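Novice: take a look and give me a structure for this.
(chains A, B and C)
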Amino acid sequence: MLKTFKIGGVHPPENKLSKDKKIEVLPLPKTVFIPVAQHIGAPATPVVKRGDEVKVGQVIAQSSSFVSTNIHSSVSGKVKKVDFAADSSGYPKQGIFIDVEGDEWVEQIDRSNDLVKEISIDGPEIIKKIQEAGIVGLGGATFPTHVKLVPPKGMKAEVLLINGVECEPYLTSDHRLMLEKTEEILVGIQLLMKAMNVDKAVIGIENNKPDAIKLLIQKCKSYNGIRVQALKVQYPQGGEKQLINAVTGKEVPSGGLPIAVGAVVSNVGTAFAVYEAIQKNKPLIERVVTITGKGVEKPSNFMVRIGTATSELVEAAGGVPENTGKIISGGPMMGRAIRTLDVPVTKGTSGILLMKNEEANRGECISCIRCSRCTAVCPMGLEPYLLMTLGEKQIFDRAENERIMDCIECGSCSYTCPSNRPLLDYIRFGKGKVGAIMRSRKK
Amino acid sequence: MSNLLTVSPSPHVHSSDSTQKIMYRVVYAMIPAMAWGIFMFGFDAIRVGLIAIISCLAFEYLIQKYLMKVKPTVTDGSALITGILLAFNVPSNIPWWIIVIGAMAAMGIGKLSFGGLGANIFNPALVGRVFLLISFPVQMTSWPVNRLAEVDTVTSATPLGLIKEGISNGIPVSQIQGLPQISDMFLGIGGGSLGEISALLLILGGLYMIWKKVITWQIPVSILLTVLVVSGAFWMVNPEIYVNPVIHLFTGGLMLGAIFMATDMVTSPMSPKGQIIYGIGIGLITISIRMFGAYPEGISFAILIMNAATPLLNMYIKPKRFGGK
Amino acid sequence: MSITVVYTIVTLAVIGAVAAVILYFVAQKFKVHEDPRIDEVDEALPGANCGGCGFAGCRAFAEACVKASNLSDLNCPVGGNDTMNSVASLLGLEAVKKDPRVAYIRCNGTCDNRPKTSSFDGATTCAIASSVYSGESDCQFGCLGYGDCVDACDFDAIDLRSELGVPQIIDDKCVACGACVDACPKSLIELRKKMPKNRKVVVSCRNQDKGGVARKACSVACIGCGKCMKECPFDAITVENNLAFIDSDKCKLCRKCVAVCPTNAIIEENFPPRKVKPEVKTEIEPAK
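Specialist: As a prediction, the model looks like this:
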């Protein structure tokens, strides 16, 4: 029996169209737009102005508080302007426009592909470097990694969990990274272990990636304390709480952090970024992005500079198919629909999914038949039908008692609902309101 | 791009299931029992079935269109299920106008007066059945003989009726005349309402629904186990006045009720724990009515009573939350 | 037979009498002493419980009025000056005269004026749509048209006009309770001074983008050119963040600004048709 999490879950069609496509390096764009808020927490403060010359890897926006992180230039060239433009949130955000000229890197960065295994610095220094390199959780949540590595007072991390689950349908960027940068990821994991001062790490991988499981099991033999755990394919296993539950059997208490059960979760992409930051001095300026969809000519995985417009990626994959009805930044379960291809690739962009017209719209919403499937699939053991009603009727005090804030917004309920009800829409709305009420109460 | 891009909140994919598909799966699950009813009771069964289905669909359409002034939802399959279940619950020789009245009660009172699909508290087909049982007790309890029976009479009594009458007259169970073999009851060679006679085919339908994830095992299993255990206990204490629990299990509307009526999604609890409590409640009430009540059969009343308790169960019996408490 | 009837009547009468005695003592025991003026003030209020006064309902407002030493901070927007005068006379206080107000939705981005560039598919409420993105058109400030304001209105005073894409306030029904103002996630709705015959001159736009961007998104967007501000003889117009605003307390309805607005972002409503002056472009919204 393969391990998985205990409550709920769904299994949408996997559609991993690009899983056999090697990571290609996307040609340099002509211009980039790098938003200053690519992470959870305070936006970074721009430190360049119009006309400044920048190099690849240079800090262009400075971290503004502890829960924040630096933004580096991903290209070399001239700053065109610091202005507002829409990002994947659908609202204009501040960012830095750079016209690309050449490809000149900051000198300290080691651009070779040689594997550097020896770890020459100690834990606190690693955390400091991670902070400087602007590394955030690359699974999509974009929480600054250095914050996670410093446990709150009185808590101690015991195990590092590495998320190689990639439970979102279509996406293959983590899968490819595990196959092609295996040793780098393992060194990255060792760096994270050293930073956190733990001696155990478990890489969780879903069983639909047997090649990655096999390769990692074979390679991790030479790394102390790292083990691979194959997991049953089940969405949302990539959720932090679900992964911890699947691997260790422990449940993160309601409202608590993973550290409460001694675990810290990081993505394989993050581990790779940590490796590059520490061993190669390379800040987070590029990431792997899957570009896929049933109508896409060449579903691919690209190594993309942060700030590149989505349109460049789509062009490289064969252009926008005629009958495209929806474009999603991220996976189909939790990604955001975007309205133009001008949206830039940011640190959290794991994929671009083009959906056909016939897949784009939701079915007709009819009455709830109280089939209780939403309750059965909710990985947090909540009652989505009830939370939706409470959100719709704006009964927020009861929604709070029914633990609306535990919702991880995985979308399993809306996915399953046979009546096509917009469960998550209203739950998210309720969460926003309840969250605001709770914050105002604290004050 | 020839058209505007769609923007919507996540998730952007949806399972291939729909309410309509679920409804039609329930209909498929009822086909074996229906076919057996038609085989046993002949043309009358077809007549009852068609009248019930057509009048349920017609009442849903007419009431929604002209009284509620909303878009009729006859195609979603729920009225079809109500129609079939109503037909399953009446004797096959019942006059046509009684079925129409039953359909009106089922759709009008049982379903649409609450606001339609999903909003009703009580199982519509059972509302129709109980309405008829109270209004037309004679027609609702005189069953025709089936084609395999070796008697000359026109009507027959159900095993439960025979037992009730016998026990109330002080005759020990072992000496009650005319009880069919248990194996016959299981296969469905006996008297009763149109769709309730064959326990075997109803169980088959139930297994199909569990396999297709239309229903969960909790409700039918908890009902049947409760009936088995409670009646078994009484039987062991005094087999002269209490019948064999297996007879309880395979006679009357218990199978039909436990598998097709109590599991109605709209009127049953949401959490597995709540469903088990609901099932145990139905089992207890059923067996109490059968043993101590005035009616020989009690499953309809039991389900309706527990339907009424469902909102309460939903309120207090919560699923297991992730992260304790 | 007759004795049964007598028994029944006697029994019921005794039960009734005992219950009455119990109820009397319970009522005495749990009596809540309340200022009788609260009831009187409550009577004088409209009783709509809309919350426009800032209190939970009419009774809460009545309690506040009775407690207050002066009425300057308290106002029932629904009842207006008449109601506040009668409340004041009940309490022996001085009423403060307040101008009646009416809500106005400052967006004229109808489907014709503001072309759609994407389509939204989700729960059709403004709150949810605005949490996903800025809206179906390129204007990120404009009305979403799903009618959260209509749902919030207790007085049936907002017409959704779903075919046009922007709702409209029905002036005669609006009581200026402010529920729609809070409901609108785009903060489009303003409570403006109610003018004679419901006349109004108002910048029907909230777009704070630069002129070119705004104009591209919507043909009747305010581009912040400031012509109206220069034209206004009463200093009623201010321009901030590329957006003009007419202060309804200062506006005298002269309509000079309407004539100079290059994008027809300033709207005049409920005026008689102008005398024909062919060189001036006017746009008069038909009265309802």
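Novice: going forward, measure contacts between C-alpha atoms and count neighbours the same way
Specialist: OK.
Novice: residues contacting residue 246?
Specialist: You didn't say which chain, so I picked chain A. If you count contacts by C-alpha atoms under 8 Å, 6 or more residues apart in numbering or on different chains, A:Ala246 has them with A:3-6, A:231, A:237.
Novice: chain C was what I was after
Specialist: So C:Ile246 contacts C:201-203, C:236-238 (C-alpha under 8 Å, 6+ apart).
Novice: now whichever residue of chain A sits closest to chain C: how far from A:Ile226?
Specialist: Proximity of chain A to chain C (C-alpha to the nearest C-alpha) peaks at A:Gly90, 4.1 Å away. A:Gly90 sits 40 Å away from A:Ile226, taking C-alpha to C-alpha, to the nearest Å as the criterion.
Novice: so the residue nearest the centre of chain A: helix, strand or coil?
Specialist: Nearest residue to the geometric centre of chain A (C-alpha atoms, centre = their mean): A:Gly140, 1.6 Å. Assigned with DSSP: H, G, I helix; E, B strand; the rest coil, A:Gly140 falls in the coil class.
Novice: wait, it touches A:Thr349, no?
Specialist: Yes - with contact defined as C-alpha atoms under 8 Å, A:Gly140 counts as touching A:Thr349 (6.6 Å).
Novice: now list whatever residues contact both of those two.
Specialist: A:Gly330.
Novice: top of the contacts of A:Ala246 by number of neighbours, please.
Specialist: A:Gln237 (30 neighbours; other C-alpha atoms under 10 Å in any protein chain shown).
Novice: spit out the contact partners of the residue of the stretch 151-300 of chain A found nearest chain B.
Specialist: Going by C-alpha to the nearest C-alpha, chain B is nearest to A:Pro253 of the stretch 151-300 of chain A, at 4.1 Å. Each residue near A:Pro253 by C-alpha under 8 Å, 6+ apart is listed here: A:260, B:322-324.
Novice: are any of those buried, and which?
Specialist: Using 16 or more other C-alpha atoms under 10 Å in any protein chain shown as the burial test, these include A:260, B:322-323 as buried.
Novice: pLDDT on stretch A:265-275, on average?
Specialist: Stretch A:265-275 shows a mean pLDDT of 93.
Novice: do stretch B:70-90 as well
Specialist: 91.
Novice: show residues contacting it.
Specialist: Here stretch B:70-90 makes contact (C-alpha under 8 Å, 6+ apart) with B:19-20, B:23-24, B:26-27, B:34, B:48-49, B:52-57, B:60-61, B:64-65, B:99, B:102-103, B:106-107, B:117, B:124-126, B:128-129, B:140, B:193-196, B:253, B:261.
Novice: are any of these buried, and which?
Specialist: Judged by 16+ other C-alpha under 10 Å, buried ones among the contacts of stretch B:70-90: B:19, B:23-24, B:26-27, B:34, B:48-49, B:52-57, B:60-61, B:64, B:99, B:102-103, B:106-107, B:117, B:124-126, B:128-129, B:140, B:193-196, B:253, B:261.
Novice: just checking, what's the longest helix in the chain?
Specialist: Defaulting to chain A. Counting residues, the longest helix found in chain A (DSSP state H) is helix A:423-442.
Novice: switch to chain B, that's the one I care about
Specialist: helix B:19-41.
Novice: next one: it to chain centre, how far?
Specialist: 12 Å (C-alpha atoms, centre = their mean, to the nearest Å).
Novice: continuing past the helix or strand where C:Phe25 lies, what's the next helix or strand?
Specialist: When elements are assigned from DSSP states H and E, C:Phe25 belongs to helix C:2-29. Per DSSP H and E, the first helix or strand lying C-terminal to helix C:2-29 is helix C:36-44.
Novice: got the angle between the helix or strand just after that next one and helix C:36-44?
Specialist: Downstream of helix C:36-44, the next assigned helix or strand under DSSP H and E is helix C:58-67. Here helix C:58-67 runs at an angle of 130 degrees relative to helix C:36-44 (axes from the mean of the first three to the mean of the last three C-alpha atoms, to 10 degrees).
Novice: good, wrapping up.
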